[in-house]
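*Asks:* Pasted the sequence and its predicted model underneath.
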Amino acid sequence: MTAVRGVIPHAWAIPPTIREDTVMNAIPVTSIDTYASEFRSIPLARLALSPLNVRQTNAEQGIEELAALICAQGVLQNLSVYEDPEPSRRRERTYYVIAGGRRWRALQLLLAQKHISSSYEVPCLVTSYDRALEVSLTENCGREAMHPADQFEAFRKLIDAGRSVEDVAARFGVSPLIVQRRLKLANVCTEFVALYRAGEITLEHLMAFAITDDHERQRQVWKGLKSYERHPSTLKRMLTENEVSLHEPIARFVGLKAYQKAGGQIRRDLFAEDDEAFLLDPALVEKLASEKLEQHAAKVRREGAAWVDTAPHMDYSVRAAYAHVGTVLREPTNEERTQLETLTARRAELEKLNVAAQDDDEKLDELAEEQESVEEALEAIEEARTVPHPEQASLAGAIVSVGHDGKVHIERGLLKPEDAKRFARSRTAEEEGDEADRPRQHSAALVRRLTAHRTLALQATLMHRPEVALAGLTHRLVLRTLFTHAGWSDSAVQIDPQPVSLDQYAPGLEECKAHAAIEAQRERLRAELPQEPQALFEWLLNRPQAKILELLAFCVALTVDGVKSQEHAHPSDALARAAGLDMCEWWTPTAQNYFASIPRARILEVVSEAVSADAAAPLAQLKKSVLAKAAEERLTGTRWLPGVLRTVAA
């Protein structure tokens, strides 16, 4: 019977040319008697869902699609039902659906949509109440889902037979995009479809192959990869290596409209959730990007830059060869020179007075306050005198490139590699001089002690952030191989992890929380490793990537060295930010570990900053030892940290 939209043909699980009585006659009488079952057409209004139906999970999924299939094809498989064991005399007998609950739900949906009426007759196999649960379990356990490859090849046969994509989509209750995707999968090279049927590759592999219709290219890429390299993402990358994804920065910079206006062709990935497109003419993309960058470069040249380079792709190693214009201290004015002489002389005098007053806490505090005032005045003069290096500034230029966000990125004030090398030595000397002149809040010994605690905490944090550890390790290798001229020995791999010894800077570290966390992780990882070192490499090859990263993170973490004597920036700061180090979780200021090592005035400043000025005022008259203990109590729970321990956002 031909399906008409809104009308469901009455179709059975058996071929429509075979009638019910023919089927009944084909079944031995003994079987019918044994199972007490028969086929009937029962009005939908008299069917209800049985509580004995064993399918309780995911019963509601796909009902709309199933309803569309029934609307187009009819009920192709009968329901299994049993009569109400306690029928009411005032209404017609009810039949409970024990197998076919999803078909019943789909029919109810069609009834609500007025595609059918409640009198629509549904093909049913009527069984006894006693056998109801057994029948339900048998049908659901015995059912085997169609292999996906069978489905998308069946769709292709329907299209080959003359059906349109829209017609197939409507008849099977799916979107045209789903049909197009399955047709695309059916077009993958038959040998890979066979591998998918055999379970040797996944559906994701087929989706990756479907990125191109070139079967020979599919085979070429597959054969060119080693077995452990044949991941779907690798296949897709290799199959599209001569194309440009619309998600790439250079493609976003050029723009799809500009590319198509210039005659560029595109291809879309049907399986991408965000409708990903690939630009098929990389040379045209490069040309358009260069032209657009040149327009921006012309504006920068008009600003007076000595040179302007354009780069559609700015490689990090190439960018590292350039340098920013350095700074120098200009000659002081007469007024500044007088101030410098006065302040410098007073600083020298204060240093001598500080040595003489080692046993007088109050005198030391007074001297510390004046020293800080002198240092601030010197720093203000230095900042005013800091200007761009005149010779370098005259040679400075800019690079106009495509940023990671797909927008133009202009970096000004750069020196070309040859100029950067020429100024390198003098610049380094100037920077070292700048660091030496900076004022400090803590003694070198205290900074080393504090940063030893911070280093240990960073190690304990980093060992749980394998992605950051991997970046740190790669950073080290790239610096070693691409940014220096130092050579490697003849050994295959020359990475020598040297765990950092921190006890020399801060005695008692073995008692802190970070040390305990590291040792606990060490013992846990050791328990998983093979006993013999010779077996380690093979053992690693058979571990999942997550385990490899976990081990890598621990080993890299123990090589981190963030101890310093000065309070300026340090390479470990970037690691701390990336790993999310929060020193409040690992260290708390106490009288012993901090307050006893700083002047009284600084203690009062800390209390004012962490609590309030009102909380600090009553402490001003206390002796140093009592003040340190009182400060410890006031700061309990405040999560205050000295600047040298804070993880400051970039």
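*Replies:* Right, received. Where do you want to start?

*Asks:* Contacts only, for the spatially closest residue to residue 276 that is not a sequence neighbour.
*Replies:* Spatially, and ignoring its direct neighbours in sequence, residue 276 is nearest to residue 269 (4.5 Å; C-beta to C-beta, 6 or more residues apart in numbering). Glycine gets a C-beta too; all of them are placed from N, C-alpha and C. Residues near residue 269 by C-beta atoms under 8 Å, 6 or more residues apart in numbering: 211, 275, 276, 277, 278.

*Asks:* tell me the contacts of the fourth one?
*Replies:* For residue 277, the contact set (C-beta under 8 Å, 6+ apart) comprises 245, 246, 256, 266, 267, 268, 269.

*Asks:* Can you check what pLDDT the model gives the fourth one?
*Replies:* On pLDDT, residue 266 comes in at 83.

*Asks:* if you skip the residues just before and after it, what's nearest to it?
*Replies:* Closest to residue 266 by C-beta to C-beta, 6+ apart is residue 277, at 4.9 Å.

*Asks:* hey, what's that neighbour bridged with?
*Replies:* Residue 277 has these beta-bridge partners by DSSP bridges: residue 268.

*Asks:* how near is it to residue 239?
*Replies:* 15 Å (C-beta to C-beta, to the nearest Å).

*Asks:* Next, the nearest residue in space to residue 371 that is not next to it in sequence: secondary structure please.
*Replies:* Leaving aside its chain neighbours, residue 371 sits nearest to residue 350 (5.1 Å; criterion: C-beta to C-beta, 6+ apart). On the three-state scheme (DSSP: H, G, I helix; E, B strand; the rest coil), residue 350 is labelled helix.

*Asks:* if I pick residue 394, what's in contact with it?
*Replies:* residue 306.

*Asks:* Could you rerun that using 6 Å?
*Replies:* By C-beta atoms under 6 Å, 6 or more residues apart in numbering, no residues touch residue 394.

*Asks:* follow-up on the earlier one: out of the contacts of residue 277, who's the most crowded?
*Replies:* Highest neighbour count within these: residue 246, with 22 neighbours (other C-beta atoms under 10 Å).

*Asks:* Now the phi/psi pair for that residue, please.
*Replies:* The phi/psi pair for residue 246 (degrees, to the nearest 10) reads phi -60, psi -20.

*Asks:* now do residue 309
*Replies:* Dihedral angles (degrees, to the nearest 10) for residue 309: phi -110, psi 150.

*Asks:* Tell me the secondary structure at the nearest residue to it once chain neighbours are set aside.
*Replies:* Once flanking residues are discounted, residue 309 sits nearest to residue 399: 5.1 Å by C-beta to C-beta, 6+ apart. When classified by three-state DSSP, residue 399 comes out as strand.

*Asks:* Isn't residue 399 up against residue 411?
*Replies:* Yes: the pair residue 399 / residue 411 is scored as a contact, 5.0 Å apart, by C-beta atoms under 6 Å.

*Asks:* the more surrounded of these two?
*Replies:* Between residue 399 and residue 411, counted using other C-beta under 10 Å, the more crowded position is residue 399 (22 against 16).

*Asks:* Now do that one against residue 114, distance only.
*Replies:* 67 Å.

*Asks:* what's the answer for residue 566, then?
*Replies:* For residue 566 relative to residue 114 (C-beta to C-beta), the value is 81 Å.

*Asks:* Residue 188 - how many residues pack around it?
*Replies:* 23.

*Asks:* my bad, residue 622
*Replies:* Quick note: residue 622 (other C-beta under 10 Å) scores 16 neighbours.

*Asks:* for it, phi and psi?
*Replies:* phi -80, psi 150.

*Asks:* cool, residue 310 as well?
*Replies:* phi -110, psi 150.

*Asks:* and the residue lying closest to residue 271 once chain neighbours are set aside, what helix or strand is that in?
*Replies:* With sequence-adjacent residues excluded and distances taken as C-beta to C-beta, 6+ apart, residue 271 is closest to residue 207, at 4.5 Å. Using DSSP states H and E, residue 207 sits within helix 203-209.

*Asks:* got a list of contacts for the host helix or strand of residue 630?
*Replies:* Here residue 630 sits within helix 624-634, counting by DSSP H and E. Outside helix 624-634, the residues within contact range by C-beta under 6 Å, 6+ apart are 361, 590, 591, 595, 596, 600, 603, 607, 611, 615, 619.

*Asks:* so for that helix, what's the average pLDDT?
*Replies:* In the prediction, helix 624-634 has an average pLDDT of 89.

*Asks:* Flag every buried residue along stretch 266-285.
*Replies:* Buried positions in stretch 266-285, judged by neighbour count with 16 or more other C-beta atoms under 10 Å: 266, 269-272, 276-281, 284-285.

*Asks:* Which members of the contacts of helix 624-634 are the farthest-apart pair?
*Replies:* 361 and 611 (22.0 Å; C-beta to C-beta).

*Asks:* which stretches of the stretch 1-150 of the chain aren't confidently modelled?
*Replies:* 1-37, 53-59, 87-91, 133-134, 136-146 (pLDDT under 70).

*Asks:* For it, which segments count as strands?
*Replies:* 38-43, 47-49, 79-83, 95-99, 121-127 (DSSP state E, counting those that start in this stretch).

*Asks:* Nearest to the middle of the protein, which residue? Look it up for me.
*Replies:* residue 467 (9.5 Å; C-alpha atoms, centre = their mean).

*Asks:* Can you report the mean pLDDT over the residues of the helix or strand harbouring it?
*Replies:* Taking DSSP H and E as the definition, residue 467 sits inside helix 466-482. The average pLDDT within helix 466-482 is 60.

*Asks:* Can you identify the element that follows that helix toward the C-terminus?
*Replies:* Assignment by DSSP H and E places the next element after helix 466-482 at helix 513-528.

*Asks:* Many thanks, I have nothing further to ask.
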